[in-house]
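Colleague: Mind folding the following:
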Amino acid sequence: MIAIEPTWTPERVDQLKIYFEAGLSCRDIAVNIGVSRNAVIGKLSRLNLTRTTPDERRGRRKKSAAHAAQRATAKQQLGLLQAVYEQPCDDAPIVSPNNCSLFELSEQRCRWPISTPGADDFCFCGNTPLGGMPYCSGHYRLAYQAGSRQRAMRG
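Modeller: Numbers count the residues shown, from 1 in each chain. Reported below is the predicted structural model:
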């Protein structure tokens, strides 16, 4: 019959206290004693052995709370970004004199669809697109609006 030995014998607990007071890490203590790191952490917790005093822990909490109060909220960050990257709102209608069909469409033409697919007058904008983008400047403003998904979900 196999005898099950307890993990924390009085000798191991004494070793744990000695190594802990010597400043060894939980990993090093575990290797020296022959138990897992989590077992060491659990036993230290049950013995109320900590590396910091309660006063130091309170100081850390106050420090982190003060730091959190200094952080900008999401609305403040959005306001700052909008102020920096604000683009002039141009509500002028988009003129597309260069309409093209699907077969004439290329990377040098705006790919904004005009009308409904399958309709007789269906075509693409065909204006010169912005560098590296699929749409001209007018259709780019329509396609890439900041926060458009959130506005659509709100109704």
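Colleague: contacts, neighbours, all on C-alpha from now
Modeller: Fine.
Colleague: ok, which stretches of this protein are strands?
Modeller: With DSSP state E, the ranges of strands along the chain come out as 113-114, 123-124.
Colleague: hang on, Ile114 packs against Phe124?
Modeller: Yes: here Ile114 reaches Phe124: they are 5.4 Å apart, a contact under CA atoms under 8 Å.
Colleague: and the gap between the nearest residue to Arg12 once chain neighbours are set aside and Glu21?
Modeller: Leaving aside its chain neighbours, Arg12 sits nearest to Ile33 (6.6 Å; criterion: CA to CA, 6 or more residues apart in numbering). Applying CA to CA, to the nearest Å, the value for Ile33 to Glu21 is 15 Å.
Colleague: thinking again about what came up before, who has more neighbours out of Ile114 and Phe124?
Modeller: More crowded of Ile114 and Phe124, by other CA atoms under 10 Å: Phe124, with 21 against 15.
Colleague: neighbouring contacts of stretch 36-51?
Modeller: Leu16, Cys26, Arg27, Ile29, Ala30, Val31 (CA atoms under 8 Å, 6 or more residues apart in numbering).
Colleague: Now which of those would you call buried?
Modeller: Neighbour-count burial (16 or more other CA atoms under 10 Å) is assigned, among these, to Leu16, Cys26, Ile29, Ala30.
Colleague: From the residues you listed, pick the one nearest Ala74.
Modeller: Cys26 (38.9 Å; CA to CA).
Colleague: Next up, the contacts around the closest one.
Modeller: Phe20, Arg37, Val40, Ile41.
Colleague: May I see the strands of the chain organised as TSV, with mean pLDDT and distance to Gln77 added?
Modeller: Formatted as TSV, the strands of the chain follow (pLDDT from 0 to 100; distance: least, CA to CA, whole Å):
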stretch	mean pLDDT	distance to Gln77
strand 113-114	91	35
strand 123-124	92	37
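Colleague: And the pLDDT for Val17?
Modeller: One thing to correct before we go on: residue 17 is Lys, not Val. Note on Lys17: pLDDT of 94.
Colleague: Okay then, goodbye and thanks.
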